[in-house]
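Student: Fold the following.
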Amino acid sequence: MIGTHTMTERQPTITSHPSSAMGWLDTLLNEGERAARLRSDLPYFAERCLKVRPKAGSLAPFVFNPAQLEIHRRIEEQKAKTGRVRVIILKARQLGISTYVSARFFHRCLFEPGLRTFILGHERRASTNLFEMVKRFYEHLPEDVRPATATFNAETLLFNNDSGYVVSVATLDGAGRSATAQLLHASEAAFWPDLETQIASLFQIVPDVDGSEAIIESTANGYNDFHKLWRFAETGASEWLPIFLPWSLDPAYRKKPDEDFAISAEETELKELYGLDDEQLAWRRAKQQQLGERLPQEFPVIASEAFISSTFDSFIPPALVLKARKQRIEDDFGWGLIVGVDPAGMGPDRTSVAWRRGRRIVKVESRRQMDTMEVAGWVQKIIREDKPEKVNIDVGGLGVGVYDRLREQGISRSVLNAVNFGGKPNEPPPLDELGNSAGGPANRRAELWQNMKNALEEGRFELPDSDSLQADLVSPAYKYDSAGRLLIESKQDMRKRGVPSPDEADAVALCFSEPGGVGHVRNASFSRDLKEMYADSYQ
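Tutor: Predicted coordinates:
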């Protein structure tokens, strides 16, 4: 039953011909299978029952594109795992994500009684366009699945099964405070006024129950509150699943290259890093001529570049990180394991640990809400099982207690190394022509980050293929003090602008504590020349 209508089951006239004696039963079964699949299979339902207006041409059946199929897969995975949907989507323009969300919620309202969908756009025109899409879905439904309506006006669509829609606009007062909805579509949230207040209000609209769904989708708009939401989702600090959709997913974003088309050095790197072909590069070049510096925001190919702002300069460029994520380093020259530990307490930050062997970071792991004894126990287990040659621990804050506890347990100083991020650099500063100190890192943390960046710039360095690590590595800004010394943005300053602490990146940086950031431990027993130790490698 859908509203006051039922599925039409067409039964053919029964004849006495032997070959068709059971034909009516086959038809009945097929109709039943169709009805069941329309209810359970959203892509199937969309293609057969929904009409959309494509970028060019008249109304057409809604066939999911690659971006829509990907988001559907990710959302269904989360729903199967948690029973509900909490998703934040960072997207390139015109991938059809709003259309997908509209179809998803329309499908649920059509077949499930008592559901309310709340649509909230960044401006009146945008909200109206989303609601017009829903009305178009309804008006062009096949007769046998179209329900009757109880209310149908400019801002409300209510089916006779007590499911339907309410549409509103994000305002400074916080929209929807008195509303209750099981399904929430928050569109272009990066452009909402006072997003933090809006989100606090919206959290009260959707009950925390199984079957509820809240989807926030937007293109980027600089380092604002949407960026904060996205980064907290990336680090796992919230229940929201981050999904990034690059422009390269859309098969329409292509252009036939001119006969004299030749790719630049920058485009060659893009081709290698992101797997783009010449037609995609030709499209990107044409779009860049139209948008200029706004291209990464409107049509990003990785999440971090979407938030590029003229007022922010990341210390480590995203391209360096992505290149290292694609590297595969097999030969570690037999160098031992170096472990970096960035402890956190019971607050929102993560305790992160990184494993380095030679020219690759083998893995990075993070845990939350750990006290001193728990962190010490984790590190002791790593030392016992992985047998690292060096464990570098940031001894600021909680770390000093972790270090002391491990020393009490008999861990040797030859293995355990206390690193004070705020302390002086280990290496002497560079000198100018007059022999005076000139620049260099201002503190130990800046020194380690510089060592890490140098390794990435040199190439042939492997990082884990992790979005969370990439986001941490490109999040900190940098500046120079009055003496020209490098300072990496502090965790406290990052929190002030709403960006999570780069715990995983700091753990990786701690793996670069050896002089020059080399990937092997230099100690009293390391007295032989490397070429002599590994003579076979030089023959």
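
Student: How is the protein divided into domains?
Tutor: Annotated domains of the chain cover 42-245, 250-309, 324-517 [automatic domain parsing].

Student: Show me the shaky parts of this structure.
Tutor: Scanning the chain for pLDDT under 70 picks out the ranges 1-30, 171-179, 308-312, 332, 434-435, 523-539.

Student: which residue sits closest to the spatially most central residue of the chain in space, ignoring its chain neighbours?
Tutor: Taking C-alpha atoms, centre = their mean as the criterion, residue 242 is the residue nearest the geometric centre of the chain, at 4.3 Å. Setting aside the residues directly before and after it, residue 242 is nearest to residue 233 in space (C-beta to C-beta, 6 or more residues apart in numbering), at 4.0 Å. Backbone N, C-alpha and C define where each C-beta goes, glycine included.

Student: Can you report phi and psi for the residue nearest to the centre of the chain?
Tutor: Main-chain torsions, residue 242, degrees, to the nearest 10: phi -80, psi 130.

Student: repeat for residue 350
Tutor: Main-chain torsions, residue 350, degrees, to the nearest 10: phi -100, psi 150.

Student: same thing with residue 352?
Tutor: Phi and psi for residue 352, reported as degrees, to the nearest 10, are phi -120, psi 140.

Student: could you measure it against residue 35, distance?
Tutor: From residue 352 across to residue 35, the span is 51 Å (C-beta to C-beta, to the nearest Å).

Student: what do you get for residue 508?
Tutor: Using C-beta to C-beta, residue 508 is found at 54 Å from residue 35.

Student: Check residue 219 too.
Tutor: Relative to residue 35, and taking C-beta to C-beta, residue 219 is found at 38 Å.

Student: hang on, the earlier thing: so which of the domains of the chain comes closest to residue 316?
Tutor: Among those, domain 324-517 comes nearest to residue 316, with 5.1 Å by C-beta to C-beta.

Student: Off-centre distance for the closest one?
Tutor: With C-alpha atoms, centre = their mean, to the nearest Å as the basis, domain 324-517 stands 23 Å off its chain's centre.

Student: ok now do residue 250, which residues does it touch?
Tutor: Residues near residue 250 by C-beta atoms under 8 Å, 6 or more residues apart in numbering: 65, 66, 67, 92, 94, 95.

Student: Among those, which one is most surrounded by other residues?
Tutor: Greatest neighbour count in the contacts of residue 250, by other C-beta atoms under 10 Å, goes to residue 95: 26 neighbours.

Student: Would you check that that residue makes contact with residue 64?
Tutor: No: using C-beta atoms under 8 Å, residue 95 makes no contact with residue 64, being 11.2 Å away.

Student: quick one on the thing from earlier: okay, now the residue nearest to residue 242: neighbour count?
Tutor: Around residue 233 there are 23 residues (other C-beta under 10 Å).

Student: In three-state terms, how would it be classified?
Tutor: Each residue gets one of three states, and residue 233 gets helix by DSSP: H, G, I helix; E, B strand; the rest coil.

Student: wouldn't it be in contact with residue 241 here?
Tutor: Yes: if you go by C-beta under 8 Å, residue 233 and residue 241 touch, sitting 6.9 Å apart.

Student: higher neighbour count, residue 219 and residue 35?
Tutor: residue 219 (22 against 17).

Student: quick one on the thing from earlier: next, format the contacts of residue 250 as a markdown table and append distance to residue 473.
Tutor: Below are the contacts of residue 250 laid out as a markdown table (distance: C-beta to C-beta, whole Å):
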| residue | distance to residue 473 |
| --- | --- |
| 65 | 31 |
| 66 | 28 |
| 67 | 26 |
| 92 | 22 |
| 94 | 30 |
| 95 | 26 |
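
Student: For the residues you listed, work out which two are farthest apart.
Tutor: Most distant of those, by C-beta to C-beta, are 66 and 94, 13.5 Å apart.

Student: still on that earlier bit, so what sits opposite the residue nearest to the centre of the chain in the bridge?
Tutor: Here residue 242 sits in beta bridges with residue 88, going by DSSP bridges.

Student: Which residues are in contact with it?
Tutor: Contacts for residue 242 were tallied using C-beta under 8 Å, 6+ apart; they are 88, 90, 230, 233, 234, 303, 467.

Student: which residues does the closest residue to residue 225 other than its chain neighbours contact?
Tutor: Excluding its sequence neighbours, the residue lying closest to residue 225 (C-beta to C-beta, 6+ apart) is residue 195, at 3.7 Å. By C-beta under 8 Å, 6+ apart, the contact list for residue 195 reads 170, 189, 224, 225, 226, 229.

Student: For residue 195, what are phi and psi?
Tutor: According to degrees, to the nearest 10, residue 195 has phi -60, psi -40.

Student: if I look at it, how far off is residue 63?
Tutor: Separation of residue 195 from residue 63 (C-beta to C-beta): 33 Å.

Student: What ranges does the stretch 201-350 of the chain have for its helices?
Tutor: Along the stretch 201-350 of the chain, the stretches classed as helices by DSSP state H, counting those that start in this stretch are 225-234, 265-274, 278-291, 295-298, 303-306, 318-326.

Student: All the helices of the stretch 51-200 of the chain, residue numbers only.
Tutor: Assigned by DSSP H, counting those that start in this stretch, the stretch 51-200 of the chain shows helices spanning 66-82, 97-111, 124-139, 195-205.

Student: Buried deepest among the ones you listed, which one?
Tutor: For the helices of the stretch 51-200 of the chain, the largest average neighbour count (mean count of other C-beta atoms under 10 Å) is found in helix 97-111, namely a mean of 23.

Student: next one: it to chain centre, how far?
Tutor: Distance of helix 97-111 from the chain centroid (C-alpha atoms, centre = their mean) equals 23 Å.

Student: so it versus helix 66-82, what angle?
Tutor: Per axes from the mean of the first three to the mean of the last three C-alpha atoms, to 10 degrees, the angle that helix 97-111 makes with helix 66-82 is 50 degrees.

Student: In terms of secondary structure, what does helix 97-111 contact?
Tutor: Counting contacts by 3 or more C-beta pairs under 8 Å, 6 or more residues apart in numbering; DSSP states H and E, helix 97-111 packs against helix 42-49, helix 66-82, strand 116-121, helix 124-139, strand 164-169, strand 183-187, strand 213-218.

Student: Only C-alpha atoms, please: export the last one in CSV.
Tutor: Listed in CSV are the C-alpha atoms of strand 213-218, where the atom choice follows Å, rounded to 0.1, in the frame of the first residue of the first chain:
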residue,chain,number,x,y,z
GLU,A,213,19.5,10.0,8.1
ALA,A,214,21.3,13.4,8.0
ILE,A,215,23.3,14.4,5.0
ILE,A,216,25.3,17.6,4.8
GLU,A,217,26.7,18.3,1.3
SER,A,218,28.6,21.3,0.0
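
Student: What is it packed up against?
Tutor: Where contact means 3+ C-beta pairs under 8 Å, 6+ apart, strand 213-218 is packed against strand 85-91, helix 97-111, strand 183-187.

Student: and what of the third one?
Tutor: Packed against strand 116-121, as judged by 3+ C-beta pairs under 8 Å, 6+ apart, are the following elements: helix 97-111, helix 124-139, strand 164-169, strand 183-187, helix 195-205.

Student: would you list those in JSON lines and tack on distance to residue 496?
Tutor: Formatted as JSON lines, those follow (distance: least, C-beta to C-beta, whole Å):
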{"stretch": "helix 97-111", "distance to residue 496": "31"}
{"stretch": "helix 124-139", "distance to residue 496": "31"}
{"stretch": "strand 164-169", "distance to residue 496": "30"}
{"stretch": "strand 183-187", "distance to residue 496": "25"}
{"stretch": "helix 195-205", "distance to residue 496": "14"}
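
Student: Could I get the phi/psi values of the residue nearest to residue 45 when sequence neighbours are not counted?
Tutor: Spatially, and ignoring its direct neighbours in sequence, residue 45 is nearest to residue 38 (4.9 Å; C-beta to C-beta, 6+ apart). Main-chain torsions, residue 38, degrees, to the nearest 10: phi -60, psi -30.
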